[in-house]
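Q: need the 3D shape of this:
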Amino acid sequence: MAKAAVAVVHDKTNPLVEQYAQLFTHGLRTPVLRTPNEVGLDYEECWFPSADGVTLEAWYIPAEGSDKLLIANHPMPCNRYGFPGHLPPYNTMFGGFEVNFLPELKHLHDAGYNILTYDIRNHGRSGAGSGGLSGIGLLECRDVLGSMRYAQTRPDTKDMHLGLYSRCMGSNSTMVAVAMWPDAFASVEAAVFLQPAPGAMLVRAAATHFKLDADKTEQRVADRIYELSGFHLADLSPTPSAHAVTFPTLVAQLERDWLIDRNDIEEIYNHLDTVDKDLFWIPGSDQRFSGYNYFGQHPERLVGWFDTHMKA
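A: Predicted coordinates:
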C-alpha cells in the first residue's frame with residue numbers, strides 16, 4: 001500500500017505527466033485577440049450548434065462571386081484566431097511566440113474561397129461542452145459535424161463546393177467525424193490536415209526529448225488521463241479513423257518537430273483511403289507551433305491543393 005501511495009503521488013507531481021494529462025483532458029481556453037479586419041477582411045460574427053447542442057462561435061468570411069467554401073478549425077489550445085504565445089502566461093508554452101491564422105485566411109480568401117472558421121468546444125469563445133472534458137477528437141468530432149450541418153443549411157453557403165482545413169486536434173476531430181458520420185461528408189471535395197496528433201505519440205516524443213523512459217512516461221500519463229476522464233490514451237488518436245477519409249487529402253507536418261515520431265505521421269497518411277493524397281514535410285524550426293504559422297508565410301502549397309481539387 002505504501003508503494004502504491006508513493007506511485008500515485010509521484011504521478012501527480014511529475015510535471016510532464018501532470019501537464020500532459022491536464023492538457024489532454026481539459027484543454028486550455030485562450031483569448032481571441034485578433035479579428036479578420038486586421039488583415040483587411042470583411043467578416044460576420046456567427047454561431048451555430050455542435051451536433052450535441054454546444055454553442056460554437058465562428059467567423060464567416062465571404063469572398064464575393066465565389067462558390068467555394070472552406071471550413072477551418074484549430075489546434076489545442078488555440079482558437080480561430082491563433083495562439084497568444086507572445087503574452088504571459090502563454091509565453092512559457094510551445095516556444096513563446098504568437099500563432100496567427102489571419103494571414104493564411106487572407107491568402108485563401110484572396111484566392112477565391114469563402115471561409116467558415118470556428119472555436120471548438122471549451123476553446124476561444126465557444127461554449128463549454130462534455131462537462132469541460134477534452135477528447136482530442138473523440139468529443140470534438142461533434143463540433144466538426146455541427147460545422148458541416150451549419151454550412152449545408154445556411155442559405156448563402158448550402159450550395160457551395162466544400163473543402164476542409166483542419167489543424168492538429170481539428171484534424172483528429174475531422175477524421176473521427178468522417179468515420180462516425182460518413183454520409184455527412186459525402187460532398188467534401190478536398191481536405192488539408194495540418195499536424196494531426198496521436199496522443200501517445202506526443203507523450204512518447206516529449207519523454208524522449210527530456211530523456212525520460214518513454215514506456216513508463218506513457219503509462220503514467222495514460223493512468224492519469226483515465227483517472228481524470230475515463231478515457232484511454234490509446235484511444236486519443238485519429239489513426240483508426242483515417243481509413244474513412246476518401247476525398248483528396250494533403251497531410252502537412254513540420255519535419256523537425258520534436259513532438260512527433262515520423263512513423264506515426266506516415267501511418268496516418270498510409271491509412272487514408274484515397275489515392276489522391278500527398279504528404280508534405282514542412283521545413284524549418286523544430287518548434288511544433290511554428291508549423292501553424294507556415295502557410296501564412298508560404299501559402300502556395302495550401303492554396304494550390306484546394307485550387308487543384310475543388311471545382312470552380
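Q: how about H309, nearest residue that isn't a chain neighbour?
A: A190 (3.7 Å; Cβ to Cβ, 6 or more residues apart in numbering). C-beta here means a position set from N, CA and C on the backbone, and glycine is covered the same way.
Q: for that neighbour, list each beta-bridge partner.
A: Taking DSSP bridges as the rule, A190 bridges to G163.
Q: ranges for the strands of the stretch 51-200 of the chain?
A: In the stretch 51-200 of the chain, the strands defined using DSSP state E, counting those that start in this stretch lie at 55-61, 68-72, 82-83, 99-100, 114-118, 161-167, 188-194.
Q: hmm, back to that, what residues are up against the residue nearest to H309?
A: G163, L164, F247, P248, T249, L250, W305, F306, T308, H309, M310 (Cβ atoms under 8 Å, 6 or more residues apart in numbering).
Q: you'd agree the fifth one is up against D273?
A: No. If you go by Cβ atoms under 8 Å, T249 and D273 don't touch, sitting 9.8 Å apart.
Q: ok, those two, which is more surrounded?
A: T249 (27 against 12; other Cβ atoms under 10 Å).
Q: where in the stretch 101-250 of the chain is pLDDT low?
A: Residues of the stretch 101-250 of the chain meeting the criterion pLDDT under 70: none.
Q: and the helices in it, which stretches?
A: 102-110, 141-153, 169-180, 199-209, 214-229 (DSSP state H, counting those that start in this stretch).
Q: can you say which of those helices is packed in most?
A: helix 169-180 (a mean of 27; mean count of other Cβ atoms under 10 Å).
Q: now find how far off-centre it is within its chain.
A: Its chain's C-alpha centre and that of helix 169-180 lie 9 Å apart, by Cα atoms, centre = their mean, to the nearest Å.
Q: just checking, what packs against it?
A: helix 141-153, strand 161-167, strand 188-194 (3 or more Cβ pairs under 8 Å, 6 or more residues apart in numbering; DSSP states H and E).
Q: if we go to 7 Å?
A: For helix 169-180, the elements it packs on are helix 141-153, judged by 3 or more Cβ pairs under 7 Å, 6 or more residues apart in numbering; DSSP states H and E.
Q: angle of the helix it packs on against helix 169-180?
A: If you take axes from the mean of the first three to the mean of the last three Cα atoms, to 10 degrees, helix 141-153 sits at 80 degrees to helix 169-180.
Q: in TSV: the helices of the stretch 101-250 of the chain, plus distance to M76.
A: Below are those laid out as TSV (distance: least, Cβ to Cβ, whole Å):
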stretch	distance to M76
helix 102-110	18
helix 141-153	12
helix 169-180	4
helix 199-209	10
helix 214-229	14
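Q: and G40, which of the ones you listed is closest to it?
A: helix 102-110 (7.0 Å; Cβ to Cβ).
Q: that closest one vs strand 188-194, what angle?
A: Using the same axes, to 10 degrees: helix 102-110 against strand 188-194 is 160 degrees.
Q: other residues contacting helix 102-110?
A: The list of residues contacting helix 102-110 from outside it, by Cβ atoms under 7 Å, 6 or more residues apart in numbering, reads 34, 36, 38-41, 61, 63, 70, 81, 115, 117, 295-296, 299, 302-303.
Q: would you list the buried entries among these?
A: Neighbour counting by 16 or more other Cβ atoms under 10 Å classes 34, 36, 39, 41, 61, 63, 70, 81, 115, 117, 295-296, 299, 302-303 among those as buried.
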